[in-house]
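Student: Okay, predicted coordinates and the sequence, questions at the end:
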Amino acid sequence: MRVLVTGGAGYIGSHTLIELHASGHDICVVDNFDNSSPEALNRVTDLIGAPVEFHQVDIRDRAALDRVMAAFRPEVVIHFAGLKAVGESAKLPLRYYDVNISGTLSLLESMQTVGCNRIVFSSSATVYGAPHYLPFDENHPCAPTNVYGHTKHMAEQILTDWTAANPAASVVLLRYFNPVGAHPSGRIGEDPRDVPNNLMPFVAQVAVGRREKLSVFGDDYDTPDGTGVRDFIHVTDLARAHVSAIGYAAGHSGTEVFNIGTGRGYSVLEMVTAFARASGRDIAYEIAARRPGDIARSEADPSKANALLGWQAEQGLEEMCASTWAWQSGNPQGFESS
């Protein structure tokens, strides 16, 4: 199929391009490089041995986006483009609503100009908020507790309403848990701007000497070692889920939501220990106060994705840490290392 990928130069997007190419799809990328690097696309081109059609476009720029749509005429869109830092969203709520909501509206309107009715949306488990029960399944109530989560939930509702008004439309909502890891080549990986907002890149930067130590926010949760437990999923497994999702969208109409996780949680200290083992480096850390809004545990029930998408996570904690270290040690300053 002809697949338009918004935000395709980003962490998850770049890994998905490789899986899409391996599955024989034609790819077109739009990205404004607000939180990504052109070097990621250069390296994807090297890895797949073929050029990737690319347009530097902000999806809120309807005129520019319409030109890409008219030329490429996608059969399906994978929508990654958006802002994603929980803490930053509280400080910049208007920017988050503008990019994440206005961008989604602009994209849908542009898709309609060429009759494209299929979209796979990059959502997040943050839409669930505090758990009423665990593991989270797709029927769990949604009650996000931060601005970022609100924008994801609102975008999900917009997409759901769009399919209700358009019987030919197909929307697949993928609620990610905690993506980590990197391509096995070590050539592409997570390269956050400024201070990392997520655990794994921060740990990796401590190991490579970019950061002095990790702050572990809370060691008094009701978990085996007192630190928060999360469901981490390898980015390559997550990328493969998108390939499965576009196949599902091609054969179904309406809106369907899937949790994309492993169903197995690891604590912060378990991750630190595993990464120290993979890297051969000591990871300095200190215990800090809990962060407002953090929960003790977050784990997925991925059985729906297993059953309906024919997908399941294959890579474990060892692969997550080893691939991250291969990326970080080979690129101490991220893509700027080149």
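Tutor: Arrived safely.
Student: hey, where'd the strands end up in the stretch 1-150 of the chain?
Tutor: Using DSSP state E, counting those that start in this stretch, the strands assigned to the stretch 1-150 of the chain run over residues 2-6, 26-31, 53-56, 76-79, 118-124.
Student: Make CSV from those and add mean neighbour count, distance to Glu39 and mean pLDDT to it.
Tutor: Placement of C-beta: from N, CA and C, glycine included. As requested, those are exported to CSV (neighbours: other Cβ atoms under 10 Å; distance: least, Cβ to Cβ, whole Å; pLDDT from 0 to 100):
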stretch, mean neighbour count, distance to Glu39, mean pLDDT
strand 2-6, 25, 17, 98
strand 26-31, 23, 12, 98
strand 53-56, 16, 12, 98
strand 76-79, 26, 21, 98
strand 118-124, 25, 21, 98
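Student: nearest to Trp327, of these?
Tutor: Shortest distance between Trp327 and the strands of the stretch 1-150 of the chain, using Cβ to Cβ, is found for strand 26-31: 19.7 Å.
Student: Only C-alpha atoms, please: export the closest one in CSV.
Tutor: Presented in CSV, the C-alpha positions along strand 26-31 are these (Å, rounded to 0.1, in the frame of the first residue of the first chain):
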residue,chain,number,x,y,z
ASP,A,26,5.5,2.5,-0.6
ILE,A,27,6.4,5.2,1.9
CYS,A,28,6.1,9.0,1.9
VAL,A,29,7.3,10.9,5.0
VAL,A,30,6.2,14.4,6.2
ASP,A,31,8.1,15.9,9.2
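Student: which residues are contacting that strand?
Tutor: Identification of contacts with strand 26-31 by Cβ atoms under 8 Å, 6 or more residues apart in numbering yields 1-10, 13, 17, 20-21, 41, 52-57, 59, 65, 68, 72, 74, 81.
Student: Quick check: buried residues in stretch 182-195?
Tutor: Within stretch 182-195, the residues scored as buried using 16 or more other Cβ atoms under 10 Å are 182-183, 186-192.
Student: any idea which of the residues you listed is least confident?
Tutor: Here the lowest pLDDT out of those sits on Pro192, with 92.
Student: what residues are up against that residue?
Tutor: Per Cβ under 8 Å, 6+ apart, neighbours of Pro192: 198, 201, 334.
Student: By neighbours, which of these wins?
Tutor: Neighbour counts for the contacts of Pro192 peak at Pro201, which has 23 neighbours (criterion: other Cβ atoms under 10 Å).
Student: Settle this for me: that one is touching Asp194, isn't it.
Tutor: No. If you go by Cβ atoms under 8 Å, Pro201 and Asp194 don't touch, sitting 11.1 Å apart.
Student: how about the strands in the stretch 151-300 of the chain?
Tutor: Along the stretch 151-300 of the chain, the stretches classed as strands by DSSP E, counting those that start in this stretch are 170-176, 178-180, 214-217, 229-234, 254-260, 265-267, 285-288, 297-298.
Student: For the lowest-mean-pLDDT helix or strand in the chain, name the packing helices and strands.
Tutor: Using mean pLDDT, DSSP states H and E, helix 86-91 stands out as the lowest-scoring helix or strand of the chain, at a mean of 90. Using 3 or more Cβ pairs under 8 Å, 6 or more residues apart in numbering; DSSP states H and E as the contact test, the elements touching helix 86-91 are helix 147-165.
Student: just to revisit the earlier point, and the strands of the stretch 151-300 of the chain: which comes nearest Asn139?
Tutor: The minimum distance between Asn139 and those falls on strand 254-260, with 9.4 Å, by Cβ to Cβ.
Student: just to revisit the earlier point, okay, the strands of the stretch 151-300 of the chain in JSON lines with distance to Ser102, mean neighbour count and mean pLDDT next?
Tutor: Shown next, in JSON lines, are these (distance: least, Cβ to Cβ, whole Å; neighbours: other Cβ atoms under 10 Å; pLDDT from 0 to 100):
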{"stretch": "strand 170-176", "distance to Ser102": "18", "mean neighbour count": "24", "mean pLDDT": "98"}
{"stretch": "strand 178-180", "distance to Ser102": "25", "mean neighbour count": "25", "mean pLDDT": "97"}
{"stretch": "strand 214-217", "distance to Ser102": "32", "mean neighbour count": "17", "mean pLDDT": "96"}
{"stretch": "strand 229-234", "distance to Ser102": "29", "mean neighbour count": "24", "mean pLDDT": "98"}
{"stretch": "strand 254-260", "distance to Ser102": "21", "mean neighbour count": "22", "mean pLDDT": "98"}
{"stretch": "strand 265-267", "distance to Ser102": "35", "mean neighbour count": "22", "mean pLDDT": "98"}
{"stretch": "strand 285-288", "distance to Ser102": "35", "mean neighbour count": "13", "mean pLDDT": "97"}
{"stretch": "strand 297-298", "distance to Ser102": "28", "mean neighbour count": "20", "mean pLDDT": "96"}
